[in-house]
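Peer 1: this one's sequence-less:
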């Protein structure tokens, strides 16, 4: 409004704001002269009032402009302060991001190290169980062999005394020969069993401990694991059935595969067959377009949906406080995915059993160098 009045004044009077005070003074002088008629005096008075309003508009405009200028100055200062604060915050944020990133990387390294330590501990625990079982199982064939060797020594001494006394009959000689043959055959069977146990255990332990890659037959590795676990498994009434073709060659570290088989067998005996006396775990395999498909199917109690969703979570166990660590299935998943480059899924229904389905390539991926 003020600017509009100023433009009208310049257009009508041909004068700018600096000339208005002088014009007002001249108009007042003219209006006060006696020769001016009343009509002219009223016109001059109205024109003076208009110029006065224009002058007041100029003054108000200057005030408004001054206020806006001050406001802009304040806004500029505030903006500068805000910008400075933002720069400080950005610098602090960058430092905090770097610090948090370093902390997260350190925590991730520690977590990976912990996972490796837990995996090694779980492997060692499994091997300790196998060692105890194999040691116990070896005591039977070795004990039988020792007893038979002692019997043969005693029979040899008796036969020698009879021979020295010239009291040997043909029937005594035949009985001694037969007893010696039977004893040697029994010792041979027991020693062969002990050698088989030791050979399987040595291969399993070497695969578990070394982690070296080699070519192997899937059926051979599975049989070695089952035979090695047999001493501890035979204390239960359950059965493990192997249905694996003998012509599935694979390449990679057999240790992780053996640990997977070991953990899934133990999982079935501990969880699936709880309260049962007719448990059957069937381990089958077949060639697929992309490798090999392994199936671990049991007729156990099954897994609830709630537990099924958390089955592979680290430290999740339904046996917490009763010897369960909750690491077995998490380690199985890690070995299948990260070490052997495969996939694993589980199907289960309460009262109908559980089936673990594992897909593996015939050639395991080589570990990436760090």
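Peer 2: Perfect, thanks for sending it. On a predicted model such as this, the values are computed, not experimentally measured, just so you know.
Peer 1: what are the ranges of the helices in the protein?
Peer 2: 2-13, 20-31, 38-164, 170-210, 218-233, 254-267, 305-309, 328-334 (DSSP state H).
Peer 1: ranking the ones you listed by mean pLDDT, which is last?
Peer 2: Ranked by mean pLDDT, the helices of the chain bottom out at helix 2-13, which scores a mean of 51.
Peer 1: tally of neighbours for residue 269?
Peer 2: 21 (other C-beta atoms under 10 Å). Heads up, the C-betas are built off the backbone N, CA and C, glycines and all.
Peer 1: with residue 81 instead?
Peer 2: 10.
Peer 1: how about residue 92?
Peer 2: 10.
Peer 1: how about residue 182?
Peer 2: Residue 182: 13 neighbours (other C-beta under 10 Å).
Peer 1: that one: what's it in contact with?
Peer 2: Taking C-beta atoms under 8 Å, 6 or more residues apart in numbering, we find residue 182 in contact with no residue.
Peer 1: OK, contacts around residue 345?
Peer 2: So residue 345 contacts 356, 357 (C-beta under 8 Å, 6+ apart).
Peer 1: tell me the spacing between it and residue 156.
Peer 2: Separation of residue 345 from residue 156 (C-beta to C-beta, to the nearest Å): 63 Å.
Peer 1: next: residue 84.
Peer 2: Using C-beta to C-beta, one obtains 105 Å as the distance from residue 84 to residue 156.
Peer 1: more neighbours: those two, which one.
Peer 2: residue 156 (13 against 10).
Peer 1: can you report how many residues lie near the residue nearest to residue 275 when sequence neighbours are not counted?
Peer 2: In space, residue 275 comes closest to residue 301 once its chain neighbours are excluded; the distance is 7.0 Å by C-beta to C-beta, 6 or more residues apart in numbering. By the criterion of other C-beta under 10 Å, residue 301 has 19 neighbours.
Peer 1: equivalent analysis for residue 290, please.
Peer 2: Neighbours of residue 290 (other C-beta under 10 Å): 11.
Peer 1: likewise for the one 10 residues further on?
Peer 2: Under the neighbour criterion other C-beta under 10 Å, residue 300 is assigned a count of 24.
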